[in-house]
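Participant: Structure for this input, please:
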Amino acid sequence: MSAPSFKSFPPSFSSFPELEPGPSKPKEEPKKKEKKERREKEKESTKGSKDRKHHDKDKDRKHSRRETDEDSGSRKHKSKKHKHRDREPDYSKDLKQDNYNPSYQDSQSLLDGKPLFFSDGRGDALNVTYGSIHAGDVPKYYPVARGRKVMGLPALTAIHKGHHSIVLDVGSGRRKTQGLTDSSSRHLLQAPPKRRLIPVPGGTDKSQEVDGFIRISSRKPRSGDPSYRAITEGKHDSDSSSASSPSGSEDEGSSSDDSDTVPETSLQATLRSLGERVASDPSSIPTWLSLLSHTLSTIPTSSKNATKARSEISVSILSKALKGHPTNTRSRSLRLKYLQAGSELWTEEQTRTEWEEALKYGGNEIWLDWLDWRIRRVERDLDGIVESAKRAYAVLGMDEMTRLRVFWRVAVAFSDAGYTERAMAAFQAQAELTYHQSSSLRFQTEESKLDALEEFWDSETTRIGEPEAKGWAAWFDSGKPEPITFPPSRKAEHDISHMDPYIRWSAQELQDDKISLLPRRTVDEDEGSDPYSTILFSDIRPLLFSLTSVQARRAFRIIWLSFLGLNIPGFVNSLSETPTETSDDRWASKHLNSEAFFQAIFPSLSSVRRITGDSELGVLIGREPEYCSVFGPVKNSRFDVLKPLDIIGKTGWTVWDKRDVEGVDEDIVREVFRMCRFQQDETEWDDLMLAFETAVNPKNAVKKSKTALAKSPDSLPRWAAHARIERIRGRFDDTRKVYQNVLSSTPSPSSYSTIWWDWAELEWLSNNPDAALQVILRSSGTHGTGGIVILRAKRHMDDLINQIPTSQWKDREGWIKLRALLELLSSSIRGALSYLDTALLSLSPGSTSHESLTIAVLLFVYYDGVVLKDPIPPSLLRERAEQAIGLYPNNTIVLGFFLESQKGERVWGRMRALLGEHDVHDISKEKGVARRIADVWIAGWEKDRWEAEIERTRNGLSNAVLHER
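Facilitator: Here you go, the predicted model:
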C-alpha cells in the first residue's frame, strides 16, 4: 500500500533513500576524462624526459617532433581556457551567469544560512596578537565564487584585488573606493562645510506625534472633493487679500526665497560681528588682528598658492587698519604684519619704500625689525650688515640696552654666515672695553678709547676668553709690554670619511665652527689656515661702544654666554620694555643646535610603541600609558623667577644639567666667568658660575664653592649656594650640617628667609614633618610645641611679611612659603592653599613676583600629592594648573605641572587646545621659539601618541616659519 500524498506536507529530503546514480543522471563526459589523462601523461613524460638518455637520433627527432605537436596543442587549449586571467575579470557578467547557476545558488544559500569559520587546532599565539594573523596557519581571507566573495562575508563583493590585498565593498561595481590617504579625500577633508542642518520650526512638523510615536502610513491620504461653498469662500478670500495687499504675492515669494537660502555659518557671523566692531571703533588694534586671523583661517596654508592669497588678504585688511585711525600708524604689530605680507607681493623698490615710511614713525622695536629684514636680505655681504648696524646706532643714540640687541644680532649673523671668529673677536673687544678699561682712559672721548684699544689688539696680547688673559687695563698700566709667547691656536681634527665631497665639506665646516671659535693671530705659521679666521681691529671697530650702566654691563656678559650655547631662562624677554612683542628669541637659539637637545625633544624610534593593547584569551586589554618626565628639556620662564641653583620637582630639575652643557666650550666659558666681573661681591654671577660647574662636574663645583667661602666666610648667600650644590649631589646629611652651622649661631633677619625655606623644604620632602616644623619655629624665634607656640610664630611671620617692601619680593616670598608650610603642617593642605591664594591677590597678575608665587603654589600641591603621596583630590592640582597655564603659557615649569595634572585623564582635548594655533577666542596666537620647541616635545611626552601627533607638530612648525620664528 502506497503512502498517501498530501499537498500540505511538503516532502523532506531525509525521507528519500540514498540510491546509486541511475541512467537519469548524466555521467561524466568521456572527452573530459581523456583530456585529463593525457594532461597527466604529458606532465610525467616531460618530467622523465629530463633524465632520460637518447641513443637513437632518428627516434629522438621523431619523438621530439611528436611531443612538440602535442605541447603546442595543449598550449593553445590552455591559452584559450585561461585567457581571461591576463585581464581584469568582468564581475558583472559572471554575476549574471551565476544567477542562473543552481550550484551557485545552493552555495549562496549555505553561506547565508550557516556560520562558516576555521578551527585553529594548532593554537598559534599570534592569532590573538594585535595586527595581522599568522600567514602560515590561517589565511587572511578565503575567496569563493570565482574570487568575488570572501568566506564569512557574503554581503560584500571584491571590487579590487592587488598583489597581496583585496578590497571589499557592498555591491558588484568595479570602481575602487577612495581611501583616506588619497588626494581627493584630503581635499574633501580640508574643504569648508557647505551645508548646515537647520532645525525645523515647531509649527511646521508634517508628521504628528501621537502618544510619543509618529504614525507612518504606506498610503497617501486622499482628500475628498471640496464643496461648492468651500471653493467660493477660498476664492473670495484670495481676491480680497490680493485687493487689499497688492504686494502680498511678492512678500510671500520673498519669504519663501528667504527660507530656501543657506544661513550664514559661525565664521561668517563672526566676521560680520568683527566688521561691525571695527566700523564702530577703528582704533581697536586687537579687533583688527582678530578680523585678520579669522579671515586668513578660510585659506589653509597647505592649499595651492596659499602664500600669495594670504598675503593679498593681509595687505588689504591691514592697509585699511593703518588708515582707519591716526593712532594705528604707530602700532608695531599692524605695521610689521603689513610689511611682512607685502614683501611677498611688492617689488624690491616698493618694499624698501614701505620700510622707510615705517621708520618715520620711530620706535626702537621698529628699528630692530628693520635690521632683521636687512640681515635676511644680506646686501653687500657682511659689509651691508655692518652699515645697517651703524645706521641703527646713530638713531638709537645712548640707549645702551637697544644697542646691545643690535650688537647681538650682528654677531649671530656673522656666526650663521660661517664667520664665527669675527663674531668672537667682537665679543672679546667689547668685553675688554667694558670690564678692563684703564682708569686713565675713563674721561677720554669714544674715539680715543677705541684708538687705545686698537693698539692693545694689534699687540697680539692674550684677550678675554683665552687662557691666562689679564685684561687690557693690566697691559696698559704695566707700560704696554710686548708679548713673549702667544696662545696656541686650536685646530679641528677632521675624521669624516663620507664619500660625498659636499657633505664632507659641510661636516668639516661645522667642526671648525665648534672648535676654532677664537680668532687666529697674524703670527700664526699655519699655511693651511683660513685667512678669514685672522680678524683685524678695523673689521670690528664699527660695532664697539662704551657701556656705562650696571644693567647693560650685566646684560652683555649674559648675551655672551647665550652666544656660546648656554640658555638663561627668561633673559631674552628682559631686554625689551615690551616683552610680549619682542623678537629677540630668534637670536638666542644657539643652545637648540646641539645633538643632545635634538635627541631630547624627538622621541627615538625604539621608544615609540606601535601596539597599544594586549590580548588575553581573546579579551583586548589596554596597556598602561607611559609618560616621560613632566619637566622636559625646554626651560623657559620670566627672568629671575628661576634662580641658577633652584631645584624643581623630584628629579632635581635645574637651570642647567649635563645635556645643556654638552657641546659648549668649557674653557672659554670659564674664562668669561673669571674675567667679566666689575664688582667685588657679585653673588648672582658666582651662583651662575657654580651652576655651570655643577652641570659639568659637581665635585669641581664643591671645590670652587669652598674656595669662595674661604675668601668670604660670613657671606650667607655663598653658604646657601654651597648647601644647594650638596643637595643636588644627593648629600642631604652634609646639607643639614651647613644649615645647622650657619643658622644656629646667626640671628635671623628678614633677608634670611631663603636659606630658612631651603632647610624647611629639605626636611619636609625627606618626610620629616616634625623636623620641618621645628625649623619653621626656629626661623620665627620661637621654641617649643603646642598651639600657642604655632600661633605666636604665625603672628611673627605676618608682621615680617608686612614690613618687607614689594621691591624685595624674593625675601618676602620666602617668608610667605614658610608661613604656608606652617599652615600645612599644623592643619591641612587646603588651609595652606587658602593662605597662598590670599597672598596672590595682593600681587598684580603678569608681574615677576606673581609668576614666582604662582609656581610656589603649584609646588606645594605637587610636593604634597605627587612626591609625598598624601591623599589629596586631583582637582586641586588640575584646576590651579589650568589657571596658571592660561596666565603664563610660555612658562615651562607651569607647563610641567599642567602635564602632571593630565596624567591618567585620557582627555587629550585639553592637550590639543594647548598645542593648537588658536586661543579660546579662536584668534591665531603667535608662539615664541621656546614654546614651539616645547610643543614638539609634548607631542612625544606620552609614548604611544607620537605618531598621532606628527602631523599636528609639522603644522605647528610650518606656522612658526610663517611667523618667522
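Participant: C-alpha only now, for contacts and for neighbours.
Facilitator: Noted.
Participant: now the strands for the protein?
Facilitator: 143-144, 149-150, 156-161, 166-170, 209-210, 213-214, 613-616, 619-622 (DSSP state E).
Participant: Enumerate every residue touching the nearest residue to Ser753 once chain neighbours are set aside.
Facilitator: Nearest in space to Ser753, with sequence neighbours left out and distances taken as CA to CA, 6 or more residues apart in numbering, is Gly814 at 4.9 Å. For Gly814, the contacting residues are Ser753, Thr754, Trp757, by CA atoms under 8 Å, 6 or more residues apart in numbering.
Participant: now the second one: how far from Leu859?
Facilitator: So that's Thr754. 16 Å (CA to CA, to the nearest Å).
Participant: With Pro542 instead?
Facilitator: 49 Å.
Participant: between the two, which one's more packed in?
Facilitator: Neighbours of Pro542 and Leu859, each counted by other CA atoms under 10 Å, are more numerous for Leu859; the result is 19 against 15.
Participant: list the contacts for the more buried one?
Facilitator: Residues in contact with Leu859 (CA under 8 Å, 6+ apart) are Gly649.
Participant: Same question for the one 3 residues further on.
Facilitator: Each residue near Tyr862 by CA under 8 Å, 6+ apart is listed here: Leu877, Phe897.
Participant: Same check on the one 5 residues further on?
Facilitator: Contact partners of Val867, counting by CA under 8 Å, 6+ apart, are Lys650, Leu765.
Participant: Val861 touches Leu877, doesn't it?
Facilitator: Yes - using CA atoms under 8 Å, Val861 is in contact with Leu877, at 6.1 Å.
Participant: Show me the domain layout of the protein.
Facilitator: What automatic domain parsing lists as the domains of the chain is 129-170, 435-523+530-547.
Participant: averaging pLDDT over each of those, which comes out lowest?
Facilitator: Set side by side, the domains of the chain give their lowest mean pLDDT on domain 129-170, at a mean of 60.
Participant: which residues of the stretch 551-700 of the chain score low on pLDDT?
Facilitator: 605-622 (pLDDT under 70).
Participant: Which parts of it are helices?
Facilitator: Under the criterion DSSP state H, counting those that start in this stretch, helices of the stretch 551-700 of the chain are mapped to 571-574, 595-601, 666-675, 683-696, 698-711.
Participant: TSV please, covering the ones you listed and showing distance to Arg520 and mean neighbour count.
Facilitator: As requested, the helices of the stretch 551-700 of the chain are exported to TSV (distance: least, CA to CA, whole Å; neighbours: other CA atoms under 10 Å):
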stretch	distance to Arg520	mean neighbour count
helix 571-574	31	20
helix 595-601	27	15
helix 666-675	15	17
helix 683-696	27	20
helix 698-711	30	16
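Participant: Could you point out which of the ones you listed sits nearest Trp560?
Facilitator: Using CA to CA as the measure, helix 666-675 is the one of these that comes nearest Trp560, at 8.3 Å.
Participant: what sits against the closest residue in space to Arg718 that isn't next to it in sequence?
Facilitator: Spatial nearest neighbour of Arg718, chain neighbours left out: Leu709 (6.6 Å); criterion: CA to CA, 6+ apart. Leu709 makes contact with Ser715, Arg718, Trp719, according to CA under 8 Å, 6+ apart.
Participant: Can you report how many residues lie near Ile804?
Facilitator: For Ile804, using other CA under 10 Å, the count is 16.
Participant: With the one 4 residues further on instead?
Facilitator: For Gln808, the count of nearby residues is 11 (other CA under 10 Å).
Participant: where's it relative to Leu800, distance?
Facilitator: 12 Å.
Participant: Look at the residue nearest to Arg718 and report its pLDDT.
Facilitator: 92.
Participant: And for Gly212?
Facilitator: 60.
Participant: what does Tyr100 give?
Facilitator: For Tyr100, pLDDT reads 47.
Participant: Likewise for Ala939?
Facilitator: For Ala939, pLDDT reads 85.
Participant: what residues are up against it?
Facilitator: Arg945, Trp946, Glu949, Ile950, Thr953.
Participant: By neighbour count, sort out the buried ones in these.
Facilitator: Arg945, Trp946, Glu949, Thr953 (16 or more other CA atoms under 10 Å).
Participant: what's the closest non-adjacent residue to the first one?
Facilitator: So the one you mean is Arg945. Arg945's closest residue in space is Ala939 (CA to CA, 6+ apart), at 6.9 Å.
Participant: And for the second one?
Facilitator: In space, and not counting its chain neighbours, Trp946 is closest to Gly940: 4.7 Å by CA to CA, 6+ apart.
Participant: how about that neighbour, what does it touch?
Facilitator: Contacts of Gly940 by CA under 8 Å, 6+ apart are Ile601, Phe602, Pro603, Trp946, Glu949.
Participant: tell me the phi and psi of the second one?
Facilitator: Think Phe602. phi -100, psi 130 (degrees, to the nearest 10).
Participant: The third one now?
Facilitator: Per-residue torsions, Pro603: phi -70, psi 150 (degrees, to the nearest 10).
Participant: separation between it and Asn567?
Facilitator: The separation that Pro603 has from Asn567, given CA to CA, amounts to 22 Å.
Participant: of those two, who's got more company?
Facilitator: Asn567 (25 against 18).
Participant: now the helices of the stretch 551-700 of the chain as a markdown table including distance to Tyr835?
Facilitator: Shown next, in a markdown table, are the helices of the stretch 551-700 of the chain (distance: least, CA to CA, whole Å):
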| stretch | distance to Tyr835 |
| --- | --- |
| helix 571-574 | 30 |
| helix 595-601 | 38 |
| helix 666-675 | 41 |
| helix 683-696 | 30 |
| helix 698-711 | 37 |
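Participant: Looking at those, which is nearest to Leu271?
Facilitator: Using CA to CA, the helices of the stretch 551-700 of the chain put helix 571-574 closest to Leu271, at 33.5 Å.
Participant: that older thread, got phi/psi on the residue nearest to Trp946?
Facilitator: The phi/psi pair for Gly940 (degrees, to the nearest 10) is phi -110, psi 10.
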